[in-house]
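Novice: Could you work out the structure for the sequence below:
(chains A, B, C and D)
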There are 4 protein chains.
Amino acid sequence: MKGFAMLKIGEVGWIEKDRPKCGPLDAIIRPTALAPCTSDVHTVYEGAVGDRHNMILGHEAVGIVDEVGSMVKDFKPGDEVIVPAITPDWDNEAALRGYSSQTGGALGGWKFSNFKDGVFSDYFHVNMADSNLALKPEGMSLEAAVMIPDMLSTGFMGAENANIEIGASVAVLGIGAVGLCGIAGASLRGAGRIFAVGTRPISVEVAKKYGATDIISYKDGDTAEQILEATDGEGVDAVIVSGGGPNILIDAFKIAKAGSTISNNNYFGSGEGDRDTIPLPREGWAYGMGDKNLITGLCPGGRVRMEQLADIVTYGRMDPELMTTHVFKGFDKVEEGLELMREKPKDLIKPVVLIED
Amino acid sequence: MKGFAMLKIGEVGWIEKDRPKCGPLDAIIRPTALAPCTSDVHTVYEGAVGDRHNMILGHEAVGIVDEVGSMVKDFKPGDEVIVPAITPDWDNEAALRGYSSQTGGALGGWKFSNFKDGVFSDYFHVNMADSNLALKPEGMSLEAAVMIPDMLSTGFMGAENANIEIGASVAVLGIGAVGLCGIAGASLRGAGRIFAVGTRPISVEVAKKYGATDIISYKDGDTAEQILEATDGEGVDAVIVSGGGPNILIDAFKIAKAGSTISNNNYFGSGEGDRDTIPLPREGWAYGMGDKNLITGLCPGGRVRMEQLADIVTYGRMDPELMTTHVFKGFDKVEEGLELMREKPKDLIKPVVLIED
Amino acid sequence: MKGFAMLKIGEVGWIEKDRPKCGPLDAIIRPTALAPCTSDVHTVYEGAVGDRHNMILGHEAVGIVDEVGSMVKDFKPGDEVIVPAITPDWDNEAALRGYSSQTGGALGGWKFSNFKDGVFSDYFHVNMADSNLALKPEGMSLEAAVMIPDMLSTGFMGAENANIEIGASVAVLGIGAVGLCGIAGASLRGAGRIFAVGTRPISVEVAKKYGATDIISYKDGDTAEQILEATDGEGVDAVIVSGGGPNILIDAFKIAKAGSTISNNNYFGSGEGDRDTIPLPREGWAYGMGDKNLITGLCPGGRVRMEQLADIVTYGRMDPELMTTHVFKGFDKVEEGLELMREKPKDLIKPVVLIED
Amino acid sequence: MKGFAMLKIGEVGWIEKDRPKCGPLDAIIRPTALAPCTSDVHTVYEGAVGDRHNMILGHEAVGIVDEVGSMVKDFKPGDEVIVPAITPDWDNEAALRGYSSQTGGALGGWKFSNFKDGVFSDYFHVNMADSNLALKPEGMSLEAAVMIPDMLSTGFMGAENANIEIGASVAVLGIGAVGLCGIAGASLRGAGRIFAVGTRPISVEVAKKYGATDIISYKDGDTAEQILEATDGEGVDAVIVSGGGPNILIDAFKIAKAGSTISNNNYFGSGEGDRDTIPLPREGWAYGMGDKNLITGLCPGGRVRMEQLADIVTYGRMDPELMTTHVFKGFDKVEEGLELMREKPKDLIKPVVLIED
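Specialist: Prediction:
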C-alpha cells in the first residue's frame, strides 16, 4: 500500500509499505477524509519530537472500517468512523490513573506518525477499536467530521483546562485552527468577554463567529499591554495558549490575573538555547506565589470523546466547517495539503483532503 | 415608607415601616425594577421556611443607591445597581470555607424576605455594599437586568453544579424561569443534547431558543421512560432538577446514568408525610453505590457573580428578556405580579415591575 | 472444582462447577486468602440485588496466578496477586467517562458473586488481568493483603469522596470494617477531629488507633444530638455513612454543616416501604438549598488502585491487620467465616480464611 | 513603640514608630511569640519584592489582643490569638473569586512587612479581625502555635495543591521548615512513598518523623536521577517544590510522571538573567503536552484556616515543635533570630522568639 511519509527530519515523500496486521482487539481503516496538521509540520521540519525514518504521517482521519479483530464487538467492516488523533491503551496504568493520553509513557497515546505509521495511507491500524473508534453520525459532512479528531478535541481541551466560570474573561493567544477551537470552547464553557490575539483576516472572521468579543493585533502595539489596558490593568481570568514561540508564556502570565489559569494547548516545537527551556516570567508569575496555574495536556482521544464532540456538531453547538478553507479531492493531494500547512498562506485555516475512489 | 409584605402564612398586604438604617458598610437602595418569584409564593402560601410576620417580600431588584455607609468605597448615591438575591456576609466563616450562600447558618446569605425585609419597598437595606452590589452596565434594559439577581444566578448554578462536560447529555426537569435558565446554563457549559421536561407552550418556545434539543411532555407518557427510551436505556450524564413535587428525585435518579450528577436547584416547599422527607429511589440510586451524586446549593450572590452574569448579557451569550412575558409599570403593581406567580397563567414565564416616578 | 455458593435467596452451600475458561486477556487464580464480607450477607439473606442461583460467593481474595491468556503481558503462572473486589472492563464507555466501577451498567464493575462466580472457589476467573491484578509485595502478610481488595478500597473511598480538607471535622457513622477504614481514610486525608459513631468495644479500640478522637454511642442518647452538642450546634464538615438502616441519611444530613459533604459508602440492602425508597430530611437538607452534597460510589477496583493501597500498607501509613480478629485455616472454613459475618459476635471485626494446601 | 525593620535593601535595624491606629473592623495585637522567616531574608537581602524603607519586618506571630474596633464581634482585649501571615480583605473581589491570598492585587493578602509594618513590633495592626484572628487553644504551646501562621499553612498548601491521591508517590524538593511541612502535608493527604530531597542531618531526622520514606542527597549523585532510578524510570505522581534556585523546575518536571502535578510553594527570590525568568524544561514538560500541571499559591490566611490548622495540632496529627530548634527569650532576640535564618547553621530548622514581660 501507499503512504505519505516523513523520510527523515526535513524531508517527506511517498512510500510503499505492507498493509498493517490486525490484532484481535484492533481494526484496519481505509480513510475517506484526511486533514494535515501543524504538528505534522513541527514533527517533520523542526524534528520536534526527534528523528523518524519512513514514518507515514497524519493523525486526523475519517474512514471506513476494512477489517476488525476477532474480539472487536461494536464495529464491523463497512462502518464509517471518526478516528481520534490520540488512541490510548485504555488498559494501561496511565489510563487507570486518569491520564489516557499518556499511556505507555509521555505522549504515548499519540501513536499515529509518532510511534507507528499515521493515517496518510491506503490503510491504517487502530488499537483497541471498541474504545477508539466512533461511528460517524449519518448526515454529518466529512469536512466537519474530520475536524473532530484533533482540532475540536485539542482546542476544546484548551478551554476545558482553563477552569472557565460562567461569565469569566478569557484571552486566546493564537487563532490558527486550534486557537479558533479554543475560542469556540471558551464560548461552550460560558465565557463572557473573549480576547482573541491574532491578525489573519480569515481567522479573525471565524474568531468572531466562534465568540471572540475583542480582536487584539500586534499591529496595534504590544498585545499584552492592549489586553491589560482593556481590562483596567486587571488582566483576564483565563489564558489559553494556542500559538507563539518559546517566549509566549511570558505574555500569558503577564495578562493572567493573580488567581487564574494559564491553559496550554500549544505544541512547543522548539525552546530556548542549549538547555532547550521555556521561560516563565518571575514577576508575572508573582515570584511563584500568584495562584496562577499552568495546566497542560495532550489532545484527549478515545471513543467517548469523539461521540461527545460529534454531538456538539450534531446539535448545532459549533460549526467546524467554518475552518475548512481548502478542500482537496484525491488521496495524492495530501502532499499539497501538508505543504499548505507549512506555508500558511493568508486565506488558509485548515485544509481537508477527501479520498475519492 | 411603604412595602408589600407577608402578614402571616397565607396572607399578604401593604404595610408602613420606617426607612432602614444604614450601617458603615451598608447601602440603602431605591428600587427601579422588581420581579416577584415563585419562592415568594412558597414562603407565603406554603410557609416553606416557617412563619414570618409583616415581613416585606421580594428579593429580585435593580435600583438606585440612595445612601451609603461611611466605609463604603466603591458606590455612591445615584449609582444604578444590580442587587443579588443573596447578599452574604463575606467575612463570615461559611464564606471563608467557600460556602458564601450559607453565611451565619443554613441559607443565611438569603436575607431579603427571609431574615429581614425584602425589596418590595420604597427603600431597602443591603449589607456589605462593596461586596454585594454591582453597577448595572449602561444600556442594559431593566427587564434584562432584574433577571440576573436570582433567575440567572440560580438557574446557571443548576448547570454549574451538574459537572457538565462538553458534549454531555443533560435533562432539565421543569421549565419555569429557573429551569429555562438551567437550560441556558447547560448550553453555556457546553452540553450536547438537552432534554427539557415541561409542557407550557410559551416555556417550550423559550426552552428551544435557550438550547433544548428535545421537549418531553407528560402528555406523551411517563417522562422518565421517554428519556430512557430516547437514550437507548442509558439515561443522561446530568440531571438538573428545577421543578416538581417531593417525589421528583425518584424520576431524576431513574434517568441519571450510573456515573452522573443530579443537580438540584429546586426549593422544596414541602415534603412527604409527618417526617417531612424527600425520597430517593433505592434501585435508581443503585443501592447507594451508583456513582450518582446529588449536588445542591442556594443561588450564588455577591458582586463578582452579578458582574460575571452581567457580562453574559452584555456579550450576548444569553438573552434574559425572552423570559419577561409580563411588564408592569408602577410600584403598586407588585401585588398583581405576585398574584400572577401564584396563579401561573398559561402565557406567563416571569413578570417584571418597573418603578416609575 | 468446589465452591461455596448462594443457592438461592436465604440459602448457601457447597457446589461443584467446571473450572472457568481463560480468555486471551484473562487469568485464572487459585486463592490463598479469602475474606467474607457483609455484602455477601446482604446479597444472600436480604436478596439486596435480586435473586441468584448457585452463584459462587466472595469477592475478597489474594491468590496465585494459575493460568493467563495469550495476550496477558505482565503476569505469569505462579505470581502471587491481590485481586480487587471490583474488576472493571477498562475499555468500556463508563470507564472512559471516568466511572470504572460502573462499566457495562450500574455496578457492572462488580462481577464476583454478582454477575459471575465469586472467589470462594478452588479457581476463579479475572477479566483484563493486566489491568485488574496487582503483585502482592513480598513480605506483606496475607491477612493484611486480603483487606485491600474491598475494605481499604471502599472505606478509603468514603473518605476520598467526602472532600476532606486538612483540619476538617468528620463524622463516620458505623464502625464495622468499612467504617473503620473510613476513619483511617479520614486520617489519611488530613481530618482534624473525627467522630466515630458505634458501640462495639473491639471496634471502638481500633477506631481510636485509626484516628477517631470522639466515640459517640447511642447508649448515651441520640447520636446526632451528641455530635451537634459537641460542635456547638455547628455540625461537621463531612459525614461518611458506613452503616445504618434506610433512615441513616436523616441523621447524616442533620449533623452536616450547611456547606458540607455527605459521602455514602453504605450498601443499602433494603429501603422503606413498597416504593423501596431512602428518605432525605427536608429541613436537614435545607429544603434542597443547603450546599450539602450527597456523594456515592462503588469500591474502586483495578490494578493501580490495588498498588496504591498496597503502598499504604508497605509504607506503614495504616495497619489493616488491626481488623482481622478471626483467622481460619483451610478453604472449608469459608462457610464458618460467612456465618460469623451474619451473626456479628461481639469480638468480630473481620474474619480471614487462609487456604492451606 | 519599637520595631525591628528593614531600613533598605540589605540593611536592618531597630526603629521607633507610632502605635498603629485601629479601624472599626480591626485589632491591635501585642505579640507573645514571633518567628523569623526565610522570606524575611529574601525580602531584605535579595530585595525580592522590591525596595522597602523602614518597614517593620515579620509575619509569624501569636499575641494578645490589645484593642479592637467598634464593629469587631468575636474578639476582645486579652484574648490570646494566632495571627495568620496572610490577612486577606475578605470583601475584596479576589476573595469573592476564591483567591483570598491575592486580594487587592498580586500577593495583596500578604500585608505584614510587604505593604504595611510587620509583627516584629511592640504592637501591630490586623485588618478584619473577626475573619483574620483565631483563638489560640488553651494548652497549646507558643512554640507550636507560632508555626501555624506560615510554616504549616504554606507547607501544607504545597501538599494540598499537589492533588495527592491516597497511596500516591511524592517528592519534596527542599527540607527547610516549609519543605518539612510539605512532607507532613503529603502524609496528611495520604501519600504512600515520599522522597525528601535534602542533606542537613537535623532536617533529615524530622523529615522521617513527618513521613519521608526515602532521603535523597545530592552527595549521592544527581538527585533527579536517583528518584527516577528508585521508581524504575517512572517518576512520581506529585512534586512539591519547597526550595532550590531558579533552575529547580527543571528537576521538578524531570521527575514528574506524564500526568502529574508540580506544586510550587517556593518564593522565587531571584530569576535568571536580565529577563528575570524561571526556566521550564521543554522535554521534561513533554513539549507542553505532558499533562504535567504547575500549581502555585501564596500561604492561605484567615481565621478558618488557622482554626483548622490548630485542630491538626490539637488532635495530634502533626507536631510542629519538632521544627523549633532554637527558642529565644525576649523581644530583642528577634534580631539574632533573623540573622540565624540568614546564616542557616547546621543545627537550625526554625527559631522562635518568646516575648516575656
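
Novice: in chain A, which segments are predicted with low confidence?
Specialist: A:357 (pLDDT under 70).

Novice: what does it put close to chain B?
Specialist: Counting by Cβ under 8 Å from any Cβ of the partner chain, the residues of chain A close to chain B are A:156, A:159-160, A:165-169, A:185, A:187-190, A:192-194, A:213, A:307-312, A:314-315, A:317. Where you see a C-beta, it was placed from the backbone N, CA and C, and this is true even at glycine.

Novice: In strands only, show me those residues.
Specialist: A:Ile194 (DSSP state E).

Novice: Next step: the residues of chain A next to chain B restricted to helices.
Specialist: Among the residues of chain A next to chain B, the residues falling in helices (DSSP state H) are A:156, A:159-160, A:185, A:187-188, A:307-312, A:314.

Novice: Buried subset of the residues you listed, written for ChimeraX?
Specialist: Selection of the buried residues among these in ChimeraX, burial being defined by 16 or more other Cβ atoms under 10 Å in any protein chain shown:
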select /A:156,159,160,185,187,188,307,308,309,310,311,312,314
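
Novice: Looking at the ones in helices among the residues of chain A next to chain B, spot the one nearest B:Leu96.
Specialist: B:Leu96 has its nearest neighbour among these in A:Glu160, at 28.7 Å by Cβ to Cβ.

Novice: who are the neighbours in contact with that closest one?
Specialist: A:185, A:189, B:165-166 (Cβ atoms under 8 Å, 6 or more residues apart in numbering or on different chains).

Novice: Who is A:Ile262 paired with across the strands?
Specialist: Under DSSP bridges, the beta-bridge partners of A:Ile262 are A:Val239, A:Leu294.

Novice: Helices along the stretch 201-350 of chain A, start to end?
Specialist: Remark: helices assigned in the stretch 201-350 of chain A by DSSP state H, counting those that start in this stretch are A:201-209, A:223-230, A:248-255, A:303-314, A:334-343.

Novice: I'd like those helices as a markdown table, with distance to chain D appended.
Specialist: Listed next are these as a markdown table, based on distance: least, Cβ to the nearest Cβ, whole Å:
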| stretch | distance to chain D |
| --- | --- |
| helix A:201-209 | 21 |
| helix A:223-230 | 13 |
| helix A:248-255 | 7 |
| helix A:303-314 | 15 |
| helix A:334-343 | 18 |
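
Novice: closest one to chain C among these?
Specialist: helix A:303-314 (4.1 Å; Cβ to the nearest Cβ).

Novice: for chain C, what are the nearby residues on chain A?
Specialist: So chain A meets chain C at A:24-25, A:71, A:90-93, A:95-98, A:100, A:128, A:130-131, A:302-305 (Cβ under 8 Å from any Cβ).

Novice: ok, 7 Å please
Specialist: Proximity of chain A to chain C, by Cβ under 7 Å from any Cβ of the partner chain, involves residues A:24, A:71, A:90-91, A:93, A:95-98, A:128, A:130-131, A:302-304.

Novice: What subset of these is buried?
Specialist: Here, 16+ other Cβ under 10 Å leaves A:71, A:90-91, A:93, A:95-97, A:128, A:130-131, A:302-304 buried among the residues of chain A next to chain C.

Novice: Rebuild the helices of the stretch 201-350 of chain A as a markdown table, extending it with distance to D:His42.
Specialist: What follows is the helices of the stretch 201-350 of chain A, written out as a markdown table (distance: least, Cβ to Cβ, whole Å):
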| stretch | distance to D:His42 |
| --- | --- |
| helix A:201-209 | 42 |
| helix A:223-230 | 27 |
| helix A:248-255 | 20 |
| helix A:303-314 | 45 |
| helix A:334-343 | 47 |
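
Novice: for the ones you listed, which one sits closest to D:Asp347?
Specialist: Nearest of those (Cβ to Cβ): helix A:248-255, 39.1 Å.

Novice: Packing partners of that closest one?
Specialist: Helices and strands touching helix A:248-255, by 3 or more Cβ pairs under 7 Å, 6 or more residues apart in numbering or on different chains; DSSP states H and E, are strand A:170-173, helix A:223-230, strand A:236-241, strand A:277-281.

Novice: Could I get these in JSON lines, plus columns for mean neighbour count?
Specialist: Listed next are these as JSON lines, based on neighbours: other Cβ atoms under 10 Å in any protein chain shown:
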{"stretch": "strand A:170-173", "mean neighbour count": "32"}
{"stretch": "helix A:223-230", "mean neighbour count": "18"}
{"stretch": "strand A:236-241", "mean neighbour count": "29"}
{"stretch": "strand A:277-281", "mean neighbour count": "23"}
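
Novice: Out of the ones you listed, flag the one nearest C:Ala61.
Specialist: strand A:236-241 (47.3 Å).

Novice: can you give me the strands in the stretch 51-200 of chain A?
Specialist: A:55-56, A:61-68, A:80-83, A:124-126, A:134-135, A:170-173, A:194-197 (DSSP state E, counting those that start in this stretch).

Novice: and the longest one, what does it pack onto?
Specialist: It refers to strand A:61-68. Judged by 3+ Cβ pairs under 7 Å, 6+ apart, strand A:61-68 is in contact with strand A:27-34, strand A:80-83.

Novice: Including mean neighbour count, could these go into CSV?
Specialist: Compiled in CSV, these are given as follows (neighbours: other Cβ under 10 Å):
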stretch, mean neighbour count
strand A:27-34, 24
strand A:80-83, 24
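
Novice: Noted, bye for now.
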